[in-house]
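Undergrad: mind looking at a prediction? Sequence and model below.
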Amino acid sequence: MIALFGILFTAALGSGATRELPDSVLPGQSFIVAITLDPPPGTSVAAAEDAPPVGWAVSNISNSGTFDAQTGKVKWGLFFAPSIPTALSYQVTASGQASPCFSGTISYDGVGSAITGDACLVSAPAVSAWCALELSLLLAIAGTILLRSRI
């Protein structure tokens, strides 16, 4: 990370994958898990896997990926250059689990690393007095709200 005039910049060296989850999710709601790939220059082969929370329904897996029910993981690859995708995705349906977390691995040329970015959806109280009434009404109507957290 580089600071310039008080602004932080991250150098894009290409070395991993980043997961993006929605800001909030209600139990029973379906949403897309998006994973952006950033392979290092010269990468020949790539593969990825991501584990959604146990018991969540998985569907609509992109890029010919599959769901392995034995391991509970969504799996993609092998992808060979020059056809390594820049994005992977799948749809999940949230359950009422209290602190659901996702975990995954990206592998470029046989070297694996954790997928970074959004990892967990957590229950959270109102964040300010401004939204306290709206959040209270929403909780009274729908129950638990799950919010994302990053690793």
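TA: Nice, I can see it.

Undergrad: all contacts plus neighbour counts: C-alpha atoms, from now on.
TA: Will do.

Undergrad: mean confidence for stretch 61-79?
TA: What stretch 61-79 shows for mean pLDDT is 97.

Undergrad: what does it rub up against?
TA: 45-52, 54, 58, 85, 88-91 (CA atoms under 8 Å, 6 or more residues apart in numbering).

Undergrad: please indicate which of those residues are buried?
TA: Among these, those classed as buried by 16 or more other CA atoms under 10 Å are 45-52, 58, 85, 88-91.

Undergrad: among those, which are in helices?
TA: Judged by DSSP state H, helices contain none of the buried ones among the contacts of stretch 61-79.

Undergrad: out of these, which sit inside strands?
TA: Among the buried ones among the contacts of stretch 61-79, the members found in strands (DSSP state E) are Val45, Ala46, Ala47, Ala48, Glu49, Asp50, Ala51, Val58, Leu88, Ser89, Tyr90, Gln91.

Undergrad: what stretches of this protein score poorly on pLDDT?
TA: Judged by pLDDT under 70, the chain has its weakly predicted residues at 1-15, 97-99, 122-151.

Undergrad: what helix or strand is Ala119 located in?
TA: strand 116-123 (DSSP states H and E).

Undergrad: all helices of the protein, in order?
TA: 129-142.

Undergrad: what about Cys120, how many neighbours?
TA: 20 (other CA atoms under 10 Å).

Undergrad: beta partners of it?
TA: Cys101, Ser149 (DSSP bridges).

Undergrad: from Thr86, how far off is it?
TA: 23 Å (CA to CA, to the nearest Å).

Undergrad: likewise Ala17?
TA: Distance of Ala17 to Thr86, given as CA to CA: 9 Å.

Undergrad: quick check, Gly55 in contact with Ser95.
TA: Yes. Counting by CA atoms under 8 Å, Gly55 touches Ser95, with 7.5 Å between them.

Undergrad: comparing those two, which residue is more hemmed in?
TA: Ranked by neighbour count (other CA under 10 Å), Gly55 and Ser95 place Ser95 first, with 18 against 12.
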